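Chemist: Fold the stuff below for me.
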Amino acid sequence: MHDHAHDHDLPPAATIHPLIARLEAEFHYPRLHSAHDVAEFLARPGVHCLFVPGDPRRNLETADAAVILPELRLAFQNAFDCAVVDDAIEAALRERYRALKTPGLLFFRGPEYLGAVEKVRDWSDYLARITHFLSLKAA
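Modeler: Numbers count the residues shown, from 1 in each chain. Predicted structure coming up:
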């Protein structure tokens, strides 16, 4: 007799990749489950990064991005806060901001969209792009 659970037998929380779960548990990034959650998160002052993970079972870069994001936040001395986009709203959010590739980091100043870094990049590319986003002023 085998005591192995299949993915489809597990509750949704158990299917979250451990490195994505770490962003919530260890770094306290909120998970945004709805458009209302996104709007509420972006309504706060400052610069925000929404982490759009994609499917970690099909995209091996998702786990890498989940490790890179806290390091980026540290490198920029917490100049932006972060949240994890739930898969239930991921497709609509990617479509809205035309950031279709995952994993994605979508940057905002308040509710204003600044741009995205899609897929895993070289460290210097992250630094250049995020520096650019942080330099943009609200319209």
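
Chemist: switch to C-alpha atoms for all contacts and neighbour counts from now on
Modeler: Noted.

Chemist: Next up, phi/psi of Glu71, please.
Modeler: phi -70, psi -40 (degrees, to the nearest 10).

Chemist: Next one: it from Pro45, what distance?
Modeler: 22 Å (Cα to Cα, to the nearest Å).

Chemist: which residues of the protein fall in strands?
Modeler: 31-32, 47-52, 80-85, 104-109, 112-118 (DSSP state E).

Chemist: Across the sheet, point out what pairs with the residue nearest in space to the middle of the chain.
Modeler: In the chain, the C-alpha nearest the mean C-alpha coordinate belongs to Phe51, at 0.6 Å (Cα atoms, centre = their mean). Judged by DSSP bridges, the bridge partners of Phe51 are Val84, Leu105.

Chemist: List the contacts of it.
Modeler: Counting by Cα atoms under 8 Å, 6 or more residues apart in numbering, Phe51 touches Cys82, Ala83, Val84, Val85, Pro103, Gly104, Leu105, Leu106.

Chemist: count of neighbours near the first one?
Modeler: Close neighbours of Cys82, defined as other Cα atoms under 10 Å, add up to 25.

Chemist: Quick one: residues contacting it.
Modeler: Counted by Cα under 8 Å, 6+ apart, Cys82 has contacts Tyr29, Pro30, His48, Cys49, Leu50, Phe51.

Chemist: how far away is it from Leu19?
Modeler: Distance, Cys82 to Leu19, using Cα to Cα: 15 Å.

Chemist: where does this structure have low pLDDT?
Modeler: Scanning the chain for pLDDT under 70 picks out the ranges 1-14, 138-139.

Chemist: doesn't Ala99 make contact with Thr116?
Modeler: You called it Thr, but residue 116 is Ala. Yes. Ala116 lies in contact with Ala99 (Cα atoms under 8 Å); the separation is 6.5 Å.

Chemist: list residues touching both of the two?
Modeler: Contacts common to Ala116 and Ala99, judged by Cα under 8 Å, 6+ apart, are Leu106.

Chemist: neighbour-wise, which of the two wins?
Modeler: Ala116 (22 against 19).

Chemist: ok, and the closest non-adjacent residue to that one?
Modeler: Nearest residue to Ala116, sequence neighbours excluded (Cα to Cα, 6 or more residues apart in numbering): Leu106, at 4.4 Å.
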